[in-house]
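Enquirer: Okay, sequence plus prediction incoming.
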Amino acid sequence: MTKHEFLNLLEQRLIVLNDDERADLLNEYEQHIEMKMQSGLSEEEAIADFGDPEELIKELLEAYHLNTDYQPQNRFAANITYGVKSCAHFLSSTFESLCQQNKKSLFQSFLRLCGLGIFLGVLYTFGALFCHMLHSFLVYTLPFGSSIGRAVYQLIELCLYLIYMAFTIYLIIFFIKRYILIDYKPLEQPAACHYSSTEPVFNFDFDGAKNYAMGAREQAGETIARMRMKAAQSKEMRLAEKEGSEKAPFRIPFPDISLSTLCMKVVIWCCRFVGFFFLLFAVCSALGLIAGTATAFVFVVMGYSIIGPFLIVLGCTLLSIVVTALLIQFVFGIGGAKI
Amino acid sequence: MNAQFKKGVLELVVLISLAKNDMYGYEIVSEVSKIIEVNEGTIYPLLKRLTNEKYFETYLRESSEGPPRKYYHLTRSGKAYKDELKEEWLTFNESVTKFIMECDSL
């Protein structure tokens, strides 16, 4: 084995070490081989004195308390596998949690999902409205050619769509994590290497690291304890509910809330989740749209062209938004002024 | 020579060699090889381990014949560890030799 082969082998197998440590070690070995060669031995002989390279590597890894069977993996493949597996794990946990819930909480989840759908729908409507106005602005108002305007508009529209999609996906995942999965444990990350002992292994500030790790562990422990308590509480509540429904076998296992209460709950949840003002604007603009569309429809039926009704719809929506804003400002005194 | 004997004693020999004066890797290996025959490659992991456990300190010193060399210095805790190991070895050696003399006379 030549000196280069030997050192490369060591470098590969010791990839798990700190860069500095590894470089240091390889440096020492190189110097040793050099000095042996100076005292008369050939390269082959100098390396032969080290014995079996595999044994040597094993001893080196043991000196760092590392798993001697570690082989460096293809990181990229490992990460991809991890990504796919954790998606599958997430979905299966969701389904499991859903199956474990009783009818009442399942219905609640469904309501929440409806609320989320309403929110996303409203958001989409606003986005579409904005896109329409932008389109008109770009194509008809700006001085450069309408084809350029259209191209720019398409680009912006595409970006908005992408943002909207990303936001939707994020919201759905957030929603699932918050309300459906209680005991979700994410998959373990692909380990870069396996330590056979829990002692710090690299050449760095041991005491500082220990203190920091202990502090972090305490904090993490507290958070975990709190989360566990919450989970335990919600579990107990669900169990209590289950027991309650089991004790009265003749009751229909369907949540006994009236339709109005249901609607109220949905609205309240939307308000809480979405924000009061946004919902108000949404409601008002929806009303405005409906009123405007009705009027526009009447006009279209009566034979007028489409531009007029479109402007009427737009006008009604904007008017309702403005009126609502003024109402909020002056009647409820939220902006500062009060009648 | 029995590998287990060598392994146990290697640490002690390295510590005692460094107690006299600071040396660099190759020097330590040659010193130890005079006392016990050992695979030279395995001394470096030992040096690394003892450095990680703060028994040695290392520093670089320029050399006239090539790149700067890393010198090992015995710390105070290293000295205490060396004394401890020396005591253990002498006691151990004494009792085993005595046992051999009594039970299995040459």
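Expert: Thanks, I have the structure now.

Enquirer: Can you name the residues of chain B sitting close to chain A?
Expert: B:25-26, B:29, B:39-42, B:44-46, B:48-49, B:51-52, B:65-67, B:69-70 (Cβ under 8 Å from any Cβ of the partner chain). Yep, even glycine has a C-beta here, placed from its N, CA and C like the rest.

Enquirer: PyMOL command for the buried members of the residues you listed?
Expert: Buried residues among these (16 or more other Cβ atoms under 10 Å in any protein chain shown), as a PyMOL selection:
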select buried, chain B and resi 25+26+29+39+40+41+42+44+45+46+48+49+51+52+69+70
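
Enquirer: Which ones among the residues of chain B next to chain A lie within helices?
Expert: Applying DSSP state H to the residues of chain B next to chain A, the entries found in helices are B:25, B:26, B:29, B:44, B:45, B:46, B:48, B:49, B:51, B:52.

Enquirer: Kindly indicate which of those residues lies nearest residue A:41.
Expert: residue B:26 (12.6 Å; Cβ to Cβ).

Enquirer: For the closest one, which non-adjacent residue is spatially closest?
Expert: Leaving aside its sequence neighbours, residue B:26 sits nearest to residue A:35 (Cβ to Cβ, 6 or more residues apart in numbering or on different chains; 4.7 Å).

Enquirer: any idea whether the residue nearest the centre of chain B is helix, strand or coil?
Expert: The geometric centre of chain B, computed from its C-alpha atoms, lies nearest to residue B:14 (Cα atoms, centre = their mean), at 1.5 Å. When classified by DSSP: H, G, I helix; E, B strand; the rest coil, residue B:14 comes out as helix.

Enquirer: didn't it look like it was pressed against residue B:47?
Expert: Yes: using Cβ atoms under 8 Å, residue B:14 is in contact with residue B:47, at 7.2 Å.

Enquirer: Next, show the common contact partners of the two.
Expert: Here residue B:14 and residue B:47 have residue B:28 as joint contacts, going by Cβ atoms under 8 Å, 6 or more residues apart in numbering or on different chains.

Enquirer: sorry, back to before: can you lay out the ones in helices among the residues of chain B next to chain A as TSV showing pLDDT?
Expert: Output for those, formatted as TSV (pLDDT from 0 to 100):
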residue	pLDDT
B:25	88
B:26	88
B:29	90
B:44	86
B:45	83
B:46	87
B:48	85
B:49	84
B:51	87
B:52	83
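
Enquirer: Looking at those, which two lie furthest apart in space?
Expert: Across these, the longest distance by Cβ to Cβ is 20.5 Å; it joins B:26 and B:52.

Enquirer: Model confidence at the residue nearest to residue B:26, what's the number?
Expert: Predicted confidence (pLDDT) for residue A:35: 86.

Enquirer: That one: neighbour count?
Expert: As a burial measure, residue A:35 scores 20 neighbours (other Cβ atoms under 10 Å in any protein chain shown).

Enquirer: helices or strands up against the strand or helix carrying it?
Expert: Using DSSP states H and E, residue A:35 sits within helix A:19-38. The helices and strands touching helix A:19-38, judged by 3 or more Cβ pairs under 8 Å, 6 or more residues apart in numbering or on different chains; DSSP states H and E, are helix A:3-13, helix A:43-48, helix B:25-35, helix B:43-52, strand B:69-74.

Enquirer: Now with 10 Å, please.
Expert: Contacts defined by 3 or more Cβ pairs under 10 Å, 6 or more residues apart in numbering or on different chains; DSSP states H and E place helix A:19-38 against helix A:3-13, helix A:43-48, helix A:53-63, strand B:23-24, helix B:25-35, helix B:43-52, strand B:69-74.

Enquirer: Any idea which of the ones you listed gets closest to residue B:91?
Expert: The closest of those to residue B:91 is helix B:25-35. By Cβ to Cβ, the value is 20.0 Å.

Enquirer: For residue B:12, which non-adjacent residue is closest in space?
Expert: Per Cβ to Cβ, 6+ apart, closest to residue B:12 is residue B:85, 4.8 Å.

Enquirer: Report the buried residues of the longest helix seen in chain B.
Expert: What stands out as the longest helix in chain B, according to DSSP H, is helix B:76-103. Buried positions in helix B:76-103, judged by neighbour count with 16+ other Cβ under 10 Å: B:78, B:81, B:82, B:85, B:89.

Enquirer: what about that helix, average pLDDT?
Expert: The average pLDDT within helix B:76-103 is 93.

Enquirer: can you give me how far it is from the chain middle?
Expert: Taking Cα atoms, centre = their mean, to the nearest Å, the mean C-alpha location of helix B:76-103 is offset from the chain mean by 14 Å.

Enquirer: that older thread, let me know whether the residue nearest to residue B:26 touches residue A:49 as I believe.
Expert: No: using Cβ atoms under 10 Å, residue A:35 is not in contact with residue A:49, being 11.7 Å away.

Enquirer: Mind listing the shared neighbours of the two?
Expert: A:41, B:29 (Cβ atoms under 10 Å, 6 or more residues apart in numbering or on different chains).

Enquirer: so the longest helix of chain B versus helix B:43-52, what angle?
Expert: Interaxial angle, helix B:76-103 versus helix B:43-52 (axes from the mean of the first three to the mean of the last three Cα atoms, to 10 degrees): 120 degrees.

Enquirer: how many neighbours does the closest residue to chain B within the stretch 51-200 of chain A have?
Expert: Relative to chain B, the nearest point of the stretch 51-200 of chain A is residue A:63 (4.0 Å; Cβ to the nearest Cβ). Neighbour count of residue A:63, defined by other Cβ under 10 Å: 21.

Enquirer: Equivalent analysis for residue B:59, please.
Expert: Counted with other Cβ under 10 Å, residues neighbouring residue B:59 total 11.

Enquirer: does it count as helix, strand or coil?
Expert: For residue B:59, the secondary structure call by three-state DSSP comes out as strand.

Enquirer: Next: residue A:15.
Expert: Classification of residue A:15 by three-state DSSP places it in coil.

Enquirer: so it makes contact with residue A:22?
Expert: Yes: using Cβ under 10 Å, residue A:15 is in contact with residue A:22, at 7.5 Å.
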